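Trainee: Kindly generate the corresponding structure for this input.
(one chain, ligands or ions: 1)
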Amino acid sequence: MITRSLIVGTGSYLPERVVTNAELAARVDTSDEWIIERTGIRQRHMAAEGEWTSDLATKAAQKALDAAGIAGTDVDLIVLATATPDRTFPSTAATVQANLGCFGGPAFDVQAVCSGFVYALSVADNFVKAGQAKTALVIGAETFSRILDWEDRGTCVLFGDGAGAVVIQAAPGDGSATDSGILTTHLHADGRHRELLYVDGGPSSTQTTGLLRMHGREVFRHAVVNLASVVEEALEATGLQPADIDWLVPHQANRRIIEGTARKLGMALEKVVMTVDRHANTSAASIPLALAEAVSDGRVQKGQLVLLEAMGGGFTWGSALVRM
Ligand code: ACO
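Mentor: Model prediction:
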């Protein structure tokens, strides 16, 4: 017998305000057609003034706890993925912990940009497997609208704000690929590419927050290659085949990248959970947002095999295979 981490609840939160492509086209030299054709994005949500990443995260986490039927007091670990924390410190996870009233266990942020949720899930899974946590909240939450250069049409049209969360809980498994729970996770980074997607500020370098900078073409090229290999790795580690996967829940950066991965796996687009059209790229929040949507509308069912994958600044990339 081994210990598995079961996903026992999912939740999400999107800020009320919706910003359409047309609204952006009134601000910068772009068009609805260009954005849809290159990215698949039609709109994004934007946090209100005074609404912080921890506010989004707390709402998503509370929904995940409610869905799991678990009280905040039962949570003994919080791992929160974000590249847009409320403050340089303390961690946004610490604020969420206070908001939810689940004191005492470890709470910390993970920074792997768009791969953040897969990183956080893997970290929490390892805590559970090591016997150091029984009930963990894994959250992805971002307010990317706060680090965008609204004069740069190449980046400001791509991102949105939001949060998603899952509750994972320790359960026995037999170690086979038919187990429920997180079956395998795979994480990678290659810091040589850190200048292709970055924020040009920080406490140590400029003492400012900075704004997002990206070489879009290069990011695109690496994303397609890295995602294909990390998906392959997850299948090899479990002996599963692409045909075994019920749902692909990818990081939602760009419709063309998602379609490329699905094509490589030979998966029909009906088996891909797509939210990029309505949420845009919410970085670490995009996978748990998409997963929560597909669970709540009944697409993702108990017992089904779900593949998560992401790539982001660093570069970082990763995958997780989960049986719900
Ligand atoms: N509206 C209109 N024109 C634009 C816009 C815009 N919003 N942005 C750029 N353009 C113009 C450029 O100025 C350029 O014009 P030029 O030829 O006159 O110089 C032209 O469009 C082509 O620009 P490219 O940047 O080469 O366009 P590309 O086809 O590569 O599409 C995009 C850009 C959508 C950013 C693409 O490179 C991409 O999706 N890259 C992946 C990046 C990504 O998703 N990053 C998210 C974070 S990382 C991650 O999550 C994986």
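Trainee: and the stretch 201-324 of the chain, which residues reach the ligand?
Mentor: 214, 216-217, 219-220, 223, 251, 253-254, 281, 311-312 (Cβ under 6 Å from any ligand atom). In short, each C-beta sits where N, CA and C put it, glycine included.
Trainee: so which of the residues you listed is the most crowded?
Mentor: Neighbours here mean other Cβ atoms under 10 Å. Within those, the largest count is held by His251, at 33 neighbours.
Trainee: ok, that one touching Ala285?
Mentor: No. The criterion here is Cβ atoms under 8 Å, and His251 misses it with Ala285 at 9.9 Å.
Trainee: so what sits against both of these two?
Mentor: Phe117 (Cβ atoms under 8 Å, 6 or more residues apart in numbering).
Trainee: ok, which stretches of this structure are strands?
Mentor: 2-13, 17-20, 43-46, 77-81, 107-110, 135-143, 161-173, 181-189, 197-199, 212-214, 247-250, 305-312, 316-323 (DSSP state E).
Trainee: Can you say which of these is packed in most?
Mentor: strand 135-143 (a mean of 32; mean count of other Cβ atoms under 10 Å).
Trainee: Just the mean pLDDT for stretch 63-78, thanks.
Mentor: Average pLDDT, stretch 63-78: 97.
Trainee: Kindly report the same for stretch 159-170.
Mentor: The average pLDDT within stretch 159-170 is 98.
Trainee: Contacts (any at all) between the ligand and it?
Mentor: No. Applying Cβ under 6 Å from any ligand atom, one finds stretch 159-170 out of contact with the ligand, separated by at least 7.6 Å.
Trainee: How far off centre is that stretch?
Mentor: Taking Cα atoms, centre = their mean, to the nearest Å, one finds stretch 159-170 lying 7 Å from the centre of the chain it belongs to.
Trainee: Ends of stretch 262-277, what's the gap?
Mentor: For stretch 262-277, the first-to-last residue distance is 17 Å (Cα to Cα, to the nearest Å).
Trainee: hmm, I was thinking of stretch 18-28
Mentor: By Cα to Cα, one end of stretch 18-28 lies 17 Å from the other end.
Trainee: at contact distance from the ligand, anything in that stretch?
Mentor: No. On the criterion Cβ under 6 Å from any ligand atom, stretch 18-28 is out of touch with the ligand, staying 6.9 Å away.
Trainee: now that stretch: mean pLDDT?
Mentor: 97.
Trainee: That one: how far from the chain's middle?
Mentor: 24 Å.
Trainee: Can you give me the neighbour number for Val295?
Mentor: 25.
Trainee: er, Glu270 actually
Mentor: Neighbour tally, Glu270, other Cβ under 10 Å: 8.
Trainee: Same check on Glu236?
Mentor: 11.
Trainee: Helices of the stretch 101-250 of the chain, start to end?
Mentor: 116-129, 153-156, 216-238 (DSSP state H, counting those that start in this stretch).
Trainee: Could you work out the end-to-end span of stretch 22-39 for me?
Mentor: Termini of stretch 22-39 sit 15 Å apart (Cα to Cα).
Trainee: no wait, stretch 184-197
Mentor: Per Cα to Cα, the first residue of stretch 184-197 is 27 Å away from its last.
Trainee: got it, and stretch 21-40?
Mentor: Length of stretch 21-40, first residue to last, Cα to Cα: 11 Å.
Trainee: Check which residues of that stretch are buried.
Mentor: 21, 24-25, 30, 32, 35, 38-40 (16 or more other Cβ atoms under 10 Å).
Trainee: and those residues, which two are the farthest apart?
Mentor: Ala25 and Gly40 (16.5 Å; Cβ to Cβ).
Trainee: and of the strands of the chain, who's closest to Leu227?
Mentor: Once the strands of the chain are compared by Cβ to Cβ, strand 305-312 is nearest, at 5.4 Å.
Trainee: pLDDT on that closest one, on average?
Mentor: On average, strand 305-312 scores 98.
Trainee: From the contact counts, what lies against that strand?
Mentor: Applying 3 or more Cβ pairs under 8 Å, 6 or more residues apart in numbering; DSSP states H and E, we find strand 305-312 packed against helix 116-129, helix 216-238, strand 247-250, helix 286-296, strand 316-323.
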